[in-house]
Every structure is written in structure tokens, then in C-alpha cells.
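Asks: what would the 3D arrangement of this be:
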Amino acid sequence: MEPALQSMAVSIAPPQRRGAANSTFLCAYDMGIGLGGGIAGVLIDMIGYNYMFAIIAIANILSILIYIAIGQKHPSSLTYRLKMQKEKQA
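Replies: Here you go, the predicted structure:
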């Protein structure tokens, strides 16, 4: 997923801002990994491994659903681009 999301972030940036888009994406990605590990550690300490994995699984499923609901309307999504191509052909 990471390469696909990175290419989406860079492809919607204007050519002169692609370096900044790439840098911003990678910084956010690194922060997510760091915070995710810390949050998982706190959850393990508070409620144990089983519930931590359940909470993280639910959070992942919710994030995918949110991405599908919102992402299809964004110019970087394949669904949006295909829709625009169909409208141009019609």
C-alpha cells in the first residue's frame, strides 16, 4: 500500500512541488509508524495483546472504509479518473 499511496500523493502535486509532496508523505508515514507502535505498546500494557490486535484491526477496517468513501471523489483516485474519462467520451 505504501508505494501506491506515495505515488498518489506525488501524482496530484504540480511538477514543481513533487519533491515537497514526497517529503511530506514520507514524514507523515514515519510519524504514523512511530505513533502506531507507541499506541500499540500502551494498549498492550493496559488491555493485553488480544484486545490490542482487535482494536487495531477495527481501526484498519474503518480507515479503509473512510478511504473508499472519501477517496473515490478525490482527483488522485483511479475511480475518479475513470469517471472523468467516461464523461469526456460521452
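Asks: I'd say Ser76 and Ser11 touch.
Replies: Yes: counting by Cβ atoms under 8 Å, Ser76 sits close enough to Ser11 to count as a contact (6.0 Å). (Glycine included, C-beta is placed from N, CA and C.)
Asks: okay, the two: which has more neighbours?
Replies: The neighbour count for Ser76 versus Ser11, taken as other Cβ atoms under 10 Å, is higher for Ser76 (15 against 12).
Asks: contacting residues around that one?
Replies: Counting by Cβ atoms under 8 Å, 6 or more residues apart in numbering, Ser76 makes contact with 8-9, 11-12.
Asks: which among those residues end up buried?
Replies: For the contacts of Ser76, a neighbour count by 16 or more other Cβ atoms under 10 Å gives the buried set as 8-9.
Asks: buried residues, whichever strand or helix holds Gly34. List them.
Replies: In the assignment (DSSP states H and E), Gly34 maps to helix 18-47. Within helix 18-47, the residues scored as buried using 16+ other Cβ under 10 Å are 21, 25, 43.
Asks: could you export those residues as TSV, including pLDDT and distance to Ala69?
Replies: Below are those laid out as TSV (pLDDT from 0 to 100; distance: Cβ to Cβ, whole Å):
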residue	pLDDT	distance to Ala69
Ala21	92	23
Phe25	94	21
Leu43	96	26
